[in-house]
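*Asks:* How does the following fold in three dimensions:
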Amino acid sequence: MKSNVGRNDRILRGLAGLAMLTCSVMAPMSLAVRVAAFGAVGAYLLVTAIAGTCLGYRLMGRSTCPAMPNR
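*Replies:* From the prediction side, this is the model:
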């Protein structure tokens, strides 16, 4: 799969994913709400940061990767 998430975007996604997963553990809400609202989003952000590809970007035809030089 072609990468469409740039370096800075990956760092921010990783940090945001960790923050969301922390909220899913510490938020004073019911378990179902924490898992659905914070856990799922946090896990998605971490997976996209690690994999370097985002389904939403792919569907929109976007990319935050630097432009590749012409060969």
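
*Asks:* Please report how far I50 lies from L18.
*Replies:* With distances taken as Cβ to Cβ, to the nearest Å, I50 is found 12 Å from L18. Every C-beta, even on glycine, is put in place using the N, C-alpha and C of the backbone.

*Asks:* ugh, wrong one, I meant G56
*Replies:* From G56 to L18 the distance is 20 Å (Cβ to Cβ).

*Asks:* Those two: which has the busier surroundings?
*Replies:* Just comparing G56 and L18: by other Cβ atoms under 10 Å the higher neighbour count belongs to L18, 14 against 10.

*Asks:* can you pull the contacts of the more buried one?
*Replies:* Contacts here follow Cβ atoms under 8 Å, 6 or more residues apart in numbering; on that basis L18 touches 42, 46.

*Asks:* Could you pull out the strands in this protein for me?
*Replies:* In the chain, no strands are defined using DSSP state E.

*Asks:* In it, where's the longest helix?
*Replies:* Counting by DSSP state H, the longest helix found in the chain is helix 7-26.
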